[in-house]
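**Q** Can you look at this prediction? I've put the sequence above it.
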Amino acid sequence: FSKRVSILETVAKLVLLGDSGVGKSCIVLRFVRGQFDPTSKVTVGASFLSQTIALQDSTTVKFEIWDTAGQERYAALAPLYYRGAAVAVVVYDITSPDSFLKAQYWVKELQKHGSSDIVMALVGNKADLHENRRVSAEEAVEYAEKNGMFFIETSAKTADNINQLFEEIAKRLPQRQS
Ligand code: GDP
Ligand code: MG
């Protein structure tokens, strides 16, 4: 027997933005390799990683993930990264109000210079450090709603909500048909 299976795959460029140290590279490594290495100083950096996920309607989304290191120091380079991106994941650290302010800066940048149909996610990472929380989920939800963003808190360390983050993004891609 043979069965014809048609697979609808969407390819989406995804960029991560946010302060240095908020856990962008760890989120990517957790999602792509299922690992967390607290000692790793490596930023996935210059190259990109890709990961495909299957959704319940049997379509798939292949994320081409750009884990940007340069933008943290050279804001002027950032447009080179997010040009053509279908998805921007803006990350802060729930223990750092400064990183939340920086996330808001990136959201404004994307609103000014990103493509108009870009899917933006606001991610409060290091949710495992809730005892040291200094950015409330309420505050972040309110900001995300005001700016038409999807919001989620994650932990790259425990893997909490990492797959959910990418699944929710995949569902929101406008060019995906089902
Ligand atoms: P980046 O500069 O945004 O790419 O941040 P990294 O991914 O390099 O992570 C910076 C530091 O935060 C590293 O020491 C990680 O081990 C740590 N880290 C990343 N994600 C988490 C997390 O979810 N929980 C905790 N507790 N630490 C994390
Ligand atoms: Mg990094």
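**A** Looks like it arrived, so ask away. Numbers count the residues shown, from 1 in each chain. Ligands and ions are numbered 1, 2, ... in the order given.

**Q** if I pick the most centrally placed residue in the chain, what's in contact with it?
**A** The centre of the chain sits closest to residue 89, judged by CA atoms, centre = their mean, with a distance of 3.0 Å. Residue 89 makes contact with 14, 15, 16, 17, 24, 27, 120, 121, 123, 165, 169, according to CB atoms under 8 Å, 6 or more residues apart in numbering. Just so you know, the C-beta spots here come from the backbone N, C-alpha and C atoms, and that holds for glycine as well.

**Q** Quick one: check the helix or strand that residue 110 is a member of for contact with ligand 1.
**A** Element membership for residue 110 (DSSP states H and E) is helix 97-113. No. Taking CB under 6 Å from any ligand atom as the criterion, helix 97-113 and ligand 1 are apart, separated by no less than 9.0 Å.

**Q** Run through the bridge partners of the closest residue to residue 86 other than its chain neighbours.
**A** In this structure, residue 86 finds its nearest non-sequential neighbour in residue 12, 4.0 Å apart by CB to CB, 6 or more residues apart in numbering. Note on residue 12: beta-bridge partners by DSSP bridges are residue 63.

**Q** Look at residue 12 and say how many residues are nearby.
**A** 19 (other CB atoms under 10 Å).

**Q** Contacts only, for the closest residue to residue 34 other than its chain neighbours.
**A** Nearest non-adjacent residue to residue 34, counting by CB to CB, 6+ apart: residue 159, 7.7 Å away. Taking CB under 8 Å, 6+ apart, we find residue 159 in contact with 30, 34, 36.
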